[in-house]
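In: I would like the atomic coordinates for the input below:
(2 chains)
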2 protein chains.
Amino acid sequence: MSLVVIGTLAYDSIETPYDRRADALGGSALYFSVAAANFGVVRLVGVVGDDFKTPDLEGLANRGIDIRGVEIANGKTFRWSGRYEADWNTRHTLDTQLNVFEHFDPKLTPACRDASFVFLANAEPRVQMKALGQVQNPSFVVADTMNLWIDIRKDDLLELLARVDGVVLNDEEARMLTGEKNLIRAARKVLTFGPRYVILKKGEHGAFLIGEDAHFSLPAYPVDQVVDPTGAGDCFAGGFMGYVASAQSIEPRTLRRAMLYGTVTASFCVQGFSIEDIGKRTRSDVESRFNELLDITSV
Amino acid sequence: MSLVVIGTLAYDSIETPYDRRADALGGSALYFSVAAANFGVVRLVGVVGDDFKTPDLEGLANRGIDIRGVEIANGKTFRWSGRYEADWNTRHTLDTQLNVFEHFDPKLTPACRDASFVFLANAEPRVQMKALGQVQNPSFVVADTMNLWIDIRKDDLLELLARVDGVVLNDEEARMLTGEKNLIRAARKVLTFGPRYVILKKGEHGAFLIGEDAHFSLPAYPVDQVVDPTGAGDCFAGGFMGYVASAQSIEPRTLRRAMLYGTVTASFCVQGFSIEDIGKRTRSDVESRFNELLDITSV
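Out: Coordinates of the predicted model:
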């Protein structure tokens, strides 16, 4: 498969009602690549500071992630810290330090430029477009975004959406981007901005994919003990794109199965802080839970 | 099929952010029976006041509902009024007048006593048990309840739960009954109270069924314009039990399909005030949307 992801690598400090971690591995592209690595090689493009620990980079490489696109810049790695309320849905950002990511200028290696499957993890839309412009002949491009860019870079984001095949949004982002409260209507409105598919993530309530000729909805995998929801959306995207890239297909049936793989990888993610759970899972773990989810959701 | 439902018939006054209705048909057993009537005869047991309009009773009979178990008492029919916020999830009860329902003493007709499938719609647990005690040899009994009884009649409710095969709860009720925030854990804990199955309704987020040997989860049917959510849970139960009774089976595959039928009948319900939408649907409408939901949720 030829899958590339462009986005952040970070050190996160996270507080939950039950526990906390300081300086744990995080970042949208990092989570994505760890989740996608169960399906084959994923090429990771991003930037870290010179404080990024060598064993952390080696750990990614050992998972089969191509880290040659990770630039090591002078300065500190992107840092985020946040706190979750007991309902897990309310998240307070305590601090964001862009550090070396502030002037991130993505430079894709030849192997990355050659990718067929591209995931533009959350970043400023202009940066996402700059990365996308370097891919020579992509066959399936999916972008993520966040409320901040919808708020302050909406024109750039709309320009990006006209150039991608799919977009992943959570419920809040979809409502904010469209002004529609009803999520189905919001998703349909996003389709008019250009992408063929909208993947709408609703956290513990599941996810759906909608397109002109496609509609698939599924509940979340029932996790009975959430430890840390950070990165779940990126892991969802990683499982989704990892499977699509490994299948080398964007047939409806592939996309439906990919939604299950996304759900499954996200479910591992939330069972541990950072990549503590998803980072040790094998394809066999993924397949086993895929079959369990298939059983739970099949009539 | 031999299906009986015991519960309320009411006149509801409802305000939504967009519209309102006064003195519209409502009540848990009434909604249930209208939804279940698409699958065969359903016998309705309840009480109305002498103000209950004859055409309203005739309308139910014309839907194929056996209304011989509806007692007409001196006094006024049960009345409820409520108001929904724009998110549809926040509901304010403005007024409840029990009226003739306050001293409801269920008396089942011979045909009702002979039923195999029994739905105990929301009522005081002692009343539900009194009704259940009159059914001679039920093969599948499902009960509903509400936050009020969990709060003030918990012991009675637990006594009831030990005597039924299934219970339908919404997310708030499941959490309140068990003290568990996580819905899967809450549902598993309810199983320890006696029922073989817990059906957990999450409104727009779908529903799941859990049992010792069963686990099935599905998203809601995507309704893009909600008009009035009142009665959706009762219509879900009506579609579920109506299908089970018509199939005369409680095999796992039947229960899974019944969850889809419940979802479909609930989706019609919320598209209109009162029974304005569900009350005019045919089995053919139900089957058509069942197939659509099956397509949306199948891998």
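In: From now on I want contacts and neighbour counts done on CA atoms only, so please keep to that.
Out: Noted.
In: I figured A:Lys107 hits A:Gln128, correct?
Out: No: between A:Lys107 and A:Gln128 there is no contact under Cα atoms under 8 Å: 11.5 Å.
In: What's the separation between the residue lying closest to A:Val299 once chain neighbours are set aside and A:Arg185?
Out: Nearest residue to A:Val299, sequence neighbours excluded (Cα to Cα, 6 or more residues apart in numbering or on different chains): B:Arg256, at 5.5 Å. B:Arg256 sits 28 Å away from A:Arg185, going by Cα to Cα, to the nearest Å.
In: can I assume A:His92 sits in a helix?
Out: No: under DSSP: H, G, I helix; E, B strand; the rest coil, A:His92 falls outside any helix and is assigned strand.
In: Just the local confidence number for it, please.
Out: Looking at A:His92, its pLDDT stands at 94.
In: Ok, A:Ala22 next?
Out: So, for A:Ala22, pLDDT stands at 97.
In: for it, what are its contacts?
Out: Applying Cα atoms under 8 Å, 6 or more residues apart in numbering or on different chains, one finds that A:Ala22 lies in contact with A:11-14.
In: at 10 Å what do you get?
Out: A:11-15, A:80-81 (Cα atoms under 10 Å, 6 or more residues apart in numbering or on different chains).
In: excluding its backbone neighbours, what's nearest A:Ser116?
Out: Using Cα to Cα, 6+ apart, the closest residue to A:Ser116 is A:Pro138 (4.3 Å).
In: The one you found contacts A:Arg163, correct?
Out: No: in this structure A:Pro138 lies outside contact range of A:Arg163 using Cα atoms under 10 Å: 11.1 Å.
In: Need the overlap of contacts for those two.
Out: Common neighbours of A:Pro138 and A:Arg163 (Cα under 10 Å, 6+ apart) are A:Leu132.
In: More neighbours: B:Arg256 and A:Arg185, which one.
Out: Neighbours were counted for B:Arg256 and for A:Arg185 using other Cα atoms under 10 Å in any protein chain shown; B:Arg256 has more, 25 against 19.
In: Send me whatever helix or strand the more buried one lives in as PDB with only the CA atoms.
Out: Assigned by DSSP states H and E, B:Arg256 belongs to helix B:252-269. What follows is helix B:252-269 as a C-alpha-only set of coordinates in PDB (Å, rounded to 0.1, in the frame of the first residue of the first chain):
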ATOM      1  CA  PRO B 252     -31.600 -14.100  18.600                       C
ATOM      2  CA  ARG B 253     -32.100 -13.400  14.900                       C
ATOM      3  CA  THR B 254     -35.700 -12.500  15.500                       C
ATOM      4  CA  LEU B 255     -34.700 -10.100  18.300                       C
ATOM      5  CA  ARG B 256     -32.100  -8.400  16.100                       C
ATOM      6  CA  ARG B 257     -34.600  -7.900  13.300                       C
ATOM      7  CA  ALA B 258     -37.100  -6.700  15.900                       C
ATOM      8  CA  MET B 259     -34.600  -4.000  17.000                       C
ATOM      9  CA  LEU B 260     -34.600  -2.700  13.400                       C
ATOM     10  CA  TYR B 261     -38.400  -2.700  13.300                       C
ATOM     11  CA  GLY B 262     -38.400  -0.800  16.600                       C
ATOM     12  CA  THR B 263     -36.000   1.700  15.200                       C
ATOM     13  CA  VAL B 264     -38.100   2.100  12.000                       C
ATOM     14  CA  THR B 265     -41.400   2.600  13.800                       C
ATOM     15  CA  ALA B 266     -39.800   5.200  16.200                       C
ATOM     16  CA  SER B 267     -38.400   7.000  13.200                       C
ATOM     17  CA  PHE B 268     -41.900   7.500  11.800                       C
ATOM     18  CA  CYS B 269     -43.200   8.600  15.200                       C
END
